[in-house]
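Engineer: I'd like to go over a predicted model; first the sequence, then the structure.
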Amino acid sequence: MTATMHEPKTSPEIGGLGHSRRRVEDARFIEGRGHYVDDIELPGMLHMAIHRSPVAHAKIISIDTSQAEALEGVLAVVTGELLAQYDLAWMPTLSGDTQAVLATDKVRFQGQEVAAVIATDRYIAEDAAELIQVEYEDLEPIVSPQRALEDDAPLIRDDKEDLDSNLCYTWESGDKAAVEEAFSKAAKVVALETFYPRSHPAPLETCGIVADVDSATGQATLYMTSQAPHAHRTVFALVAGLPEQNIRIVSPDIGGGFGNKVPVYPGYVVATAASLVIGQPVKWVETRTENLISTGFARDYYMKGELAVDGDGRILALKVDMLSDQGAFFADAQPTKFKAGLFHIVTGSYDYPAAYVSTRGAYTNKAPGGVAYRCSFRVTEASYLIERLVQNAAYEVGMDPAEFRSKNFIKPEQFPYTTPTGFVYDSGEYEKAMRLAMEMVGYDEIQKEKEEARQDGRLVGIGMASFTEVVGAGHGDEYDILGLRMFDSAELRVHPTGKAILKLGVRSQGQGHETTFAQIVAEELGIPASDVKVVEGDTDNTPYGLGTYASRSTPVAGAATAMISRKLREKAKKIAAHLLEASEDDLEWEPGKFFVAGDPDSAVTIQDVAFAAYTNPPPDLEAGLEGVNYYDPPNMTYPFGTYIVVVDVDPGSGQWKVRRMVAVDDCGVRINPMVVEGQIHGGLAEGYAMSSMQYITFDETGNCIGSNFSDYLIPTAWETPRFELGETVTPSPHHPIGAKGVGESATVGSPAAYVNAVIDAVKHLGIDNIDMPVSSDRVWAAMEQAEG
Ligand code: CDP
């Protein structure tokens, strides 16, 4: 259930903010007529397959490509040695590290790219890739960050001259002395040590490229599964030395990204280099296993948190120590200033004066990790830790977890609120969201039932998470990727007939931008949303932007869209005044038309104005009705909400089932309530997946267990619980339309609610933690151990 709390200001025909307009993109997706990278066929197109390392850590002694080269249909076999001749064996990553494109010296994770075959069809390419013989000398594989940081651990990144250990980064935030002082006065210190395991976004469509470099003109057209086509174009210009104006990245329909399509992968670079050298287009599309073992992992965080609490149940301070497993290359995108991303949002929804966060990242022999999997730069891990800690703290001080939260929430009048780690939260009404969720779920009745159930031999648990997250990077002074400021852009052109085209620097991967961004234009200019075409994902035809991830499209590109629409409305007003032979000051606006104050019949519509912009503009005004806005937000936006989960745990087997899942979200003003609900449904399903079944692990040799969907369990509709949604609306005061992002909220906020519910059901046995995923067998094991 949801009810939209704001009445739309525009008619359904105009379809501005607050209308649950059906997604226009769905027609082509439902009919199977989406156009993805793998649908692209070009004349003379060749196919690429990659030979990958079977071992996690080994020196390369020799690579024999002769059998592969001899196979009919093979045009070339590319090795790192060959790439090195063009200075392409290594590439920069979005975190300012370097990554091997094709291994030259040694392999550093299982599945690493060692060589590539270019052939006339994909089957031949795959067969030939298997014929490549590589001789390795095994080295000790390091599969945990703890082992990586031991003194006698072998050095993984011996390619880096200035590195003498596997420490990838250290970073800290907050005031250590103030925290120590607060801890010395605490009535209670509540500690939790927990591990958020490695996970993979596993989008429906794997990653791929069709690289088409025209050797005659030097024009490189790259059709890529890219969440950030403009930033990728710049990286390509830097890596390949191609002039940026000759690189066009086209990101066609994308079948899900979830952070997986943010990094630049070696396959993209090799296919482009091959097309450049051979002079024909080259296609490379990953198999499912390649996607799962070598690209864009997330999480893998070992976290230790401690809360200092006074005798009344007020939090005094938070101390966090975190160690991340980054894999062999630091390749995810993080803002330059923040090595552990925005993990320091870990202070959560609560008001206390002191916090200190220290973080370390270690290189290991695993694929690069750390992407923002439906998350803003490590916010999921942070939200999980604080919401698990707060729940446990409530138990320890003997308070109801909701009342403990209520006592410590930042109050509405405290906004803008500066956290002890330096974020300035824009707005929030945490208590209101929590009380609504409690009312929807029937909190008090379930608490009562819990006690009765235990007496009947049943286990019922209720768990809560009241998350705050941070979405919409920049501001550019604080947030950048490789120095590129995290602004975004919108270009709007209104044609003479009053129809419009909106071009954006972001790139939807299924979030429905074609529908919702048209609604922002409709709201601001009164042009029906159905008359606004939204174009994204083509660097030659859209303004520069940093891309879509970390729920930044609405806070940044959405703001740019509102700003440019308003600018065009100002110009439209001048044209309307000219048409009405009136003074601008005498004109009034209602969505879709200007009229002389007090004379509604005098109206000229926005369509009349658009026509006049090209046929009869005022003499002192430039013709046309178009413009571009680059929006560098003054601050991030801080969506929040409360999720409550009720579970039934079988005391005989540890099996648990979600009985109720209530999610109250506040993402400020909702552009399209139906799209928002879809985003929340998806996020809740992914949160459920991570809490209950979905993780990737490695054996002691570095062998990835989770390379297919039999081992890596993603939930189907069968396992996924039913969700009940509620909403509060606390606009962001600095966003032009009061919106906050929502795409990731449910994945960020919900895992703690699921886990808290399971722990709540078994806590009477003395269990205060079970590491994720909290699968039924782990619950059972914990119960058995607790009962001795
Ligand atoms: O950056 P990304 O598109 O992944 O995330 P988002 O900005 O949170 O937007 C996800 C989808 O929800 C987009 O289609 C937005 O326009 C829509 N949305 C909305 O309708 N109202 C909001 N307050 C936030 C997002």
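Structural biologist: Done, it's in. Not measured: the values here are computed from a predicted model. Numbers count the residues shown, from 1 in each chain.
Engineer: residues near the closest residue to Lys411 other than its chain neighbours, how many?
Structural biologist: Closest residue to Lys411 apart from its sequence neighbours, by C-beta to C-beta, 6 or more residues apart in numbering: Asp351 at 7.2 Å. For every residue, glycine as well, the C-beta is placed using N, CA and C. Residues near Asp351, counting by other C-beta atoms under 10 Å, number 18.
Engineer: what sits against Asp351?
Structural biologist: 315, 408-411, 414, 417 (C-beta atoms under 8 Å, 6 or more residues apart in numbering).
Engineer: can we see that at 7 Å?
Structural biologist: The contact partners of Asp351, taken as C-beta atoms under 7 Å, 6 or more residues apart in numbering, are 408-410, 414.
Engineer: what does Phe415 give?
Structural biologist: 425-428.
Engineer: how much space between it and Ala103?
Structural biologist: 51 Å (C-beta to C-beta, to the nearest Å).
Engineer: kindly report the same for Lys176.
Structural biologist: Distance, Lys176 to Ala103, using C-beta to C-beta: 41 Å.
Engineer: which one of these two is surrounded by more residues?
Structural biologist: Of the pair Lys176 and Ala103, Ala103 is the one with more neighbours under other C-beta under 10 Å, namely 24 against 15.
Engineer: my understanding was that that one contacts Ala58; is that so?
Structural biologist: No - using C-beta atoms under 7 Å, Ala103 is not in contact with Ala58; the gap is 9.5 Å.
Engineer: ok, back up a step: would you mind measuring from the residue nearest to Lys411 to Glu413?
Structural biologist: Taking C-beta to C-beta, one finds Asp351 at 11 Å from Glu413.
Engineer: same check, this time on Gly766
Structural biologist: 40 Å.
Engineer: which parts of the stretch 51-200 of the chain are strands?
Structural biologist: Secondary structure of the stretch 51-200 of the chain, counting by DSSP state E, counting those that start in this stretch: strands at 58-64, 74-79, 90-92, 98-100, 106-107, 113-119, 133-138, 167-174, 188-199.
Engineer: give me the contact list for the shortest one.
Structural biologist: So the one you mean is strand 106-107. With C-beta under 7 Å, 6+ apart as the criterion, strand 106-107 contacts 53, 55, 57-60, 114.
Engineer: figure out how far that strand is from the centre of its chain.
Structural biologist: Centroid separation for strand 106-107 versus its chain: 30 Å, with C-alpha atoms, centre = their mean, to the nearest Å.
Engineer: now swap in the fourth one and tell me
Structural biologist: Here strand 98-100 is found 23 Å from its chain centre; the criterion is C-alpha atoms, centre = their mean.
Engineer: that strand pairs with which strands, and in what direction?
Structural biologist: strand 90-92 (antiparallel) (DSSP bridges).
Engineer: do the same with the first one
Structural biologist: Each strand that pairs with strand 58-64, with its direction, by DSSP bridges: strand 106-107 (antiparallel), strand 133-138 (antiparallel).
Engineer: would you mind listing what in the chain touches the ligand?
Structural biologist: Within the chain, the positions adjacent to the ligand are 511-513, 516, 548, 551-554, 667-672, 675-676, 679, 739-743 by C-beta under 6 Å from any ligand atom.
Engineer: what about Ala613, which SS state?
Structural biologist: helix (DSSP: H, G, I helix; E, B strand; the rest coil).
Engineer: for it, what are its contacts?
Structural biologist: 575, 623-625.
Engineer: pLDDT score assigned to it?
Structural biologist: With respect to pLDDT, Ala613 scores 98.
Engineer: so Arg108 is in contact with His57, correct?
Structural biologist: Yes - shown here, Arg108 and His57 form a contact pair, counting by C-beta under 7 Å, at 6.3 Å.
Engineer: please identify every residue contacting each of the two.
Structural biologist: Joint contacts of Arg108 and His57 (C-beta under 7 Å, 6+ apart) are Asn365.
Engineer: out of the two, which sits in the more crowded spot?
Structural biologist: Arg108 (30 against 25).
Engineer: which one is the more buried one nearest to, not counting chain neighbours?
Structural biologist: Ala328 (3.6 Å).
Engineer: so who does Asp34 touch?
Structural biologist: Not Asp; residue 34 is Gly. Per C-beta under 7 Å, 6+ apart, neighbours of Gly34: 28, 253.
Engineer: confirm it sits in a helix?
Structural biologist: No - Gly34 is assigned coil when assessed by three-state DSSP, not a helix.
Engineer: any stretches of the stretch 1-150 of the chain with poor pLDDT?
Structural biologist: Within the stretch 1-150 of the chain, the stretches with pLDDT under 70 are 1-6.
Engineer: what about the helices in it?
Structural biologist: Secondary structure of the stretch 1-150 of the chain (DSSP state H, counting those that start in this stretch): helices located at 26-30, 66-70, 80-85, 122-131, 145-148.
Engineer: who are the packing partners of the second one?
Structural biologist: This means helix 66-70. strand 74-79, helix 122-131 (3 or more C-beta pairs under 7 Å, 6 or more residues apart in numbering; DSSP states H and E).
Engineer: nearest to Ile386 among those would be which one?
Structural biologist: Closest of the helices and strands packed on helix 66-70 to Ile386 is helix 122-131, at 45.8 Å (criterion: C-beta to C-beta).
Engineer: tell me the buried residues in that closest one?
Structural biologist: 124-129, 131 (16 or more other C-beta atoms under 10 Å).
Engineer: now what about that helix, what contacts it?
Structural biologist: Outside helix 122-131, the residues that touch it by C-beta under 7 Å, 6+ apart are 47-51, 67-68, 71, 73-74, 117-119.
Engineer: chain center to that helix: distance?
Structural biologist: The answer for helix 122-131 is 34 Å, by C-alpha atoms, centre = their mean.
Engineer: tilt between that helix and strand 58-64?
Structural biologist: Comparing the axes of helix 122-131 and strand 58-64 via axes from the mean of the first three to the mean of the last three C-alpha atoms, to 10 degrees yields an angle of 120 degrees.
Engineer: filter the contacts of Asp351 down to the buried ones.
Structural biologist: Among the contacts of Asp351, those classed as buried by 16+ other C-beta under 10 Å are 408-410.
Engineer: export the helices and strands packed on helix 66-70 as TSV, with columns for distance to Thr637.
Structural biologist: TSV is the format used below for the helices and strands packed on helix 66-70 (distance: least, C-beta to C-beta, whole Å):
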stretch	distance to Thr637
strand 74-79	44
helix 122-131	44
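Engineer: who wins for proximity to Glu581 among those?
Structural biologist: Closest to Glu581 of those, according to C-beta to C-beta: helix 122-131, at 67.0 Å.
Engineer: okay, the angle between the closest one and strand 113-119?
Structural biologist: 140 degrees.
Engineer: mind listing what's buried along stretch 633-641?
Structural biologist: Buried residues in stretch 633-641, counting neighbours by 16+ other C-beta under 10 Å, are found at 633, 635-641.
Engineer: what sits up against it?
Structural biologist: Taking C-beta under 7 Å, 6+ apart as the rule, stretch 633-641 contacts 349, 424-426, 428, 430, 433, 467-475, 555-556, 559, 663-668, 732, 734-735, 740-742, 745, 749.
Engineer: end to end, how far does it reach?
Structural biologist: The first residue of stretch 633-641 is 23 Å away from its last residue (C-alpha to C-alpha, to the nearest Å).
Engineer: give the other helices and strands that the helix or strand Val210 falls within contacts.
Structural biologist: According to DSSP states H and E, Val210 maps onto strand 208-213. Contacts defined by 3+ C-beta pairs under 7 Å, 6+ apart place strand 208-213 against strand 220-224, helix 266-278, strand 282-285.
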